[in-house]
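Visitor: Quick one, what's the 3D model for this:
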Amino acid sequence: AGDVARPAAGESTRPVAHESSTPAALTGTTEFSFGTGGPAIVSMQPDDGGQIAQDQFFLLRLNGAAVEATVLANAWCEVEGIGERIGVRVIGGDAREQLLKARHIDELQAERSLVLTCQRPLPHVAAMRFVWGKGIGAAPNPKLTTRVEQRFRFTVRPAFTAEFSCVHHRANA
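Guide: Alright, predicted model coming up:
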């Protein structure tokens, strides 16, 4: 009776049916609701604590779809040594589709998945945090928002360097 075709973050209202052993009618509230809060990150790729590229894409798997505008306003990147929040950018189109396909993410999971990147390249060898902040709204009901921050720590990879040298065995070579 309470099954839903697609799980989603949101609110549910149920009518209350109660039979009384006395003939008097029961009065009062006949509907109750609950809120599950805003969408939370269930898993993230790359994994928390790992090394990332300067222009890393983050694949977020959420417990429900999120309102994109609230993600842009309330999720950010923090870099050690930079005293400001770096906003995020949503990756869509072919780049998103290719990433979801490569990760074998089905259509239902895709609806609850976001691909994000920091708005600017990160400095090499920096400690970095991805923050899923308070105020991110659930797509089915934007009034339901996250109330707790989720933080993920990463380290940006060192710059790729290569050195070449040439040794001549004969002076006229």
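Visitor: This protein: strands as residue ranges?
Guide: Secondary structure of the chain (DSSP state E): strands at 11-15, 31-35, 41-45, 51-52, 57-62, 75-79, 86-90, 113-118, 127-132, 150-156.
Visitor: how about low-confidence regions in this structure?
Guide: 1-36, 171, 173 (pLDDT under 70).
Visitor: got a list of what residue 41 touches?
Guide: Contacts for residue 41 (CB atoms under 8 Å, 6 or more residues apart in numbering) come out as 60-62, 132, 150, 152. (Each C-beta comes from the backbone N, C-alpha and C, glycine too.)
Visitor: can we see that at 7 Å?
Guide: 60, 62, 132, 150 (CB atoms under 7 Å, 6 or more residues apart in numbering).
Visitor: and the residue positioned nearest the centre of the chain, bridged to which residues?
Guide: In the chain, the residue lying closest to the centroid (CA atoms, centre = their mean) is residue 60, at 3.8 Å. Judged by DSSP bridges, the bridge partners of residue 60 are residue 44, residue 114.
Visitor: Quick check, it in contact with residue 44.
Guide: Yes: at 5.5 Å, residue 60 counts as touching residue 44 under the criterion of CB atoms under 7 Å.
Visitor: ok, back up a step: I'd like the strands of the chain as a markdown table, with distance to residue 101 appended.
Guide: Shown next, in a markdown table, are those (distance: least, CB to CB, whole Å):
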| stretch | distance to residue 101 |
| --- | --- |
| strand 11-15 | 33 |
| strand 31-35 | 34 |
| strand 41-45 | 14 |
| strand 51-52 | 21 |
| strand 57-62 | 12 |
| strand 75-79 | 24 |
| strand 86-90 | 18 |
| strand 113-118 | 12 |
| strand 127-132 | 23 |
| strand 150-156 | 24 |
